[in-house]
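[1] What follows is a protein structure lacking sequence information:
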């Protein structure tokens, strides 16, 4: 492994600085992750669909002959002002502010980011590749370029507060794009047995916000919703931490025009009731949420700009309160599962179904080791142990999709992943490839 990484870095040193980061990223990922896909993809461009900058929206389809169909909705931030929509805000802005390239499906994000798309949890040095329940499924891959979690319905004008640039016209066309994708997919896959709508981060939010529309269009024999790290928390009034964010995006994205189309089991006065709505409207479907308790990415979008203090531990404290309330809500519905590990060093504990499932495991009774002799077990630096079943993401997915089981694991606070020596080696390299 060491020699391969050094070879990649040596090759990077021989190219111009502007291209060096791409070479390093590809070299690290190719060495670390035995993943990615080389599928035959069909690019689809539909009239009337747009990215935020007004360019043509594009998505991709992979056909296999399977009776099952997966929709993957990409994540990548959100935007509601000049800085976040123009790209000037960086990581706390919206992905792909310049639109979607024609070869996007072969680039890093689409190729590597989702084991669910690739049909396998990728192998790492010393760790074998594991096939997943989605292997061989038809796939609709939906990139993200509208900054509105795929459900906005507004053309907004954002003014540069510095006065250095002209106003920005931004197309929050997520709803139009999502509906067009759904209707097109219906013509291509008219008799779907199992339909999985999943996404990570903003794409996870899209699964909750857009499942009703996609499910109605495809009308599969069985529906599955997997929201990875894009929770829509309860916020019935201003006393709830997520209410300020909800009010902001309601206005910027004109969400009332979209959410008014939802059935009465959803209340527009509380976006968090979207979870109740999907559970009650589709009682025979399997619905699930996954994400980390120490997610320091999505939590920043939720609270950084709206609450003080907004240091890391305060933000994570707000997140934990909202997450606890979400779990209490999901417990009311028999068809809702959840899989909530505590933390992992990859991507600031944000998203549990991306890149690799290393560290994407959960244990209901993760505790400090109870007996002195347990500290003699390898790895010796590990002070935590699972005293119930140690469930990996691949096992959760198999039980949930193939077994149609309700699985509920909310892992307590622990340092298991933080103390794992393998994670300490792998996480910095993957984070470097992800850009931090």
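    Okay, I see it. Computed from a predicted structure; not experimentally measured.

[2] Over to stretch 360-378 now: how far is its first residue from its last?
    Terminal residues of stretch 360-378 lie 20 Å apart, using CA to CA, to the nearest Å.

[3] all strands of the stretch 51-200 of the chain, in order?
    Ranges of strands in the stretch 51-200 of the chain, per DSSP state E, counting those that start in this stretch, are 59-62, 69-73, 120-121, 130-131, 138-142, 154-158, 168-172, 194-200.

[4] now these in CSV, with mean neighbour count?
    Quick note: C-beta positions are derived from backbone N, CA and C, even for glycine. Converted to CSV, these look like this (neighbours: other CB atoms under 10 Å):
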stretch, mean neighbour count
strand 59-62, 22
strand 69-73, 26
strand 120-121, 24
strand 130-131, 14
strand 138-142, 25
strand 154-158, 16
strand 168-172, 23
strand 194-200, 27
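
[5] okay, the ones you listed in CSV with mean pLDDT and distance to residue 353 next?
    As requested, the strands of the stretch 51-200 of the chain are arranged in CSV below (pLDDT from 0 to 100; distance: least, CB to CB, whole Å):
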stretch, mean pLDDT, distance to residue 353
strand 59-62, 98, 18
strand 69-73, 98, 10
strand 120-121, 93, 9
strand 130-131, 94, 13
strand 138-142, 98, 14
strand 154-158, 98, 29
strand 168-172, 98, 26
strand 194-200, 98, 6
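
[6] In TSV: those strands, plus distance to residue 148.
    Below are the strands of the stretch 51-200 of the chain laid out as TSV (distance: least, CB to CB, whole Å):
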stretch	distance to residue 148
strand 59-62	16
strand 69-73	12
strand 120-121	30
strand 130-131	34
strand 138-142	13
strand 154-158	8
strand 168-172	4
strand 194-200	13
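
[7] mind checking which of these is nearest residue 383?
    With CB to CB as the criterion, residue 383 lies closest to strand 120-121 of those, at 26.5 Å.

[8] got a list of contacts for that closest one?
    Applying CB atoms under 8 Å, 6 or more residues apart in numbering, the contact partners of strand 120-121 are 35, 115, 129, 130, 131, 132, 135, 356, 357, 393, 394.

[9] Run a quick neighbour tally on residue 397.
    Residues within reach of residue 397, counting by other CB atoms under 10 Å, total 27.

[10] Looks like it contacts residue 131 (just checking).
    No - here residue 397 lies out of contact with residue 131, judged by CB atoms under 8 Å, at a distance of 10.8 Å.

[11] Low-confidence bits of the stretch 101-250 of the chain, can you list those?
    125-126 (pLDDT under 70).

[12] The most centrally placed residue in the chain pairs with what?
    Compute the mean C-alpha point of the chain, and by CA atoms, centre = their mean the closest residue is residue 200, 0.9 Å away. In this structure, residue 200 bridges to residue 228 when assessed by DSSP bridges.

[13] check contacts around it.
    Per CB under 8 Å, 6+ apart, neighbours of residue 200: 74, 75, 113, 114, 228, 229, 230, 351, 353, 354.

[14] List phi and psi for the third one.
    Looking back up the chat, that one is residue 113. Per-residue torsions, residue 113: phi -70, psi -30 (degrees, to the nearest 10).

[15] neighbours around the closest residue to it other than its chain neighbours, how many?
    Leaving out its chain neighbours, the residue that sits closest to residue 113 by CB to CB, 6 or more residues apart in numbering is residue 354, at 5.2 Å. Residue 354 has 23 neighbouring residues, counting by other CB under 10 Å.

[16] My guess is residue 354 contacts residue 393. True?
    No - assessed by CB under 8 Å, residue 354 is found out of contact with residue 393, at 10.6 Å.

[17] mind checking how far residue 158 is from residue 50?
    Distance, residue 158 to residue 50, by CB to CB, to the nearest Å: 16 Å.

[18] Same check on residue 131?
    Residue 131 is 37 Å from residue 50, by CB to CB.

[19] ok, now residue 149?
    From residue 149 to residue 50 the distance is 16 Å (CB to CB).

[20] Would you mind telling me which of those two has the busier surroundings?
    Neighbour totals were compared for residue 149 and residue 50, and residue 149 leads with 32 against 19 (other CB under 10 Å).

[21] got the contact list for the more buried one?
    By CB under 8 Å, 6+ apart, the neighbours of residue 149 are 78, 174, 202, 203, 205, 206, 209, 230.

[22] burial of the third one, as a residue count?
    Using other CB under 10 Å, residue 202 has 27 other residues around it.

[23] before we move on, what about the fourth one?
    Residue 203 is surrounded by 29 other residues when neighbours are defined as other CB under 10 Å.

[24] does it really touch residue 78, like I thought?
    No - in this structure residue 203 lies outside contact range of residue 78 using CB under 8 Å: 11.0 Å.

[25] Which one of the contacts of residue 200 is nearest to residue 264?
    residue 230 (24.0 Å).

[26] which SS class is the closest residue to that closest one other than its chain neighbours?
    In this structure, residue 230 finds its nearest non-sequential neighbour in residue 204, 2.5 Å apart by CB to CB, 6+ apart. Classification of residue 204 by DSSP: H, G, I helix; E, B strand; the rest coil places it in helix.

[27] before we move on, the earlier item: by neighbour count, which of the contacts of residue 149 wins?
    For the contacts of residue 149, the largest number of neighbours (other CB under 10 Å) sits with residue 174, at 31 neighbours.

[28] Can you pull the phi and psi angles for residue 223?
    phi -110, psi 150.

[29] Is it bridged to anything, and to what?
    Under the criterion used (DSSP bridges), residue 223 bridges to residue 195.

[30] neighbours around it, how many?
    Neighbours around residue 223, by other CB under 10 Å: 22.

[31] repeat for the one 10 residues further on
    By other CB under 10 Å, 23 other residues sit near residue 233.

[32] Surely it is in a strand?
    No - Residue 233 is assigned coil when assessed by three-state DSSP, not a strand.

[33] I'd like the contacts of residue 200 as JSON lines, with distance to residue 166 appended.
    Below are those laid out as JSON lines (distance: CB to CB, whole Å):
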{"residue": "74", "distance to residue 166": "29"}
{"residue": "75", "distance to residue 166": "29"}
{"residue": "113", "distance to residue 166": "34"}
{"residue": "114", "distance to residue 166": "37"}
{"residue": "228", "distance to residue 166": "37"}
{"residue": "229", "distance to residue 166": "35"}
{"residue": "230", "distance to residue 166": "32"}
{"residue": "351", "distance to residue 166": "35"}
{"residue": "353", "distance to residue 166": "40"}
{"residue": "354", "distance to residue 166": "36"}
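
[34] Which ones among these map onto helices?
    Among these, DSSP state H puts none in helices.

[35] And those residues, which is closest to residue 183?
    residue 74 (19.5 Å).

[36] wait, isn't the closest one in contact with residue 205?
    No - using CB under 8 Å, residue 74 makes no contact with residue 205, being 11.5 Å away.

[37] Please consider this matter closed, and thank you.
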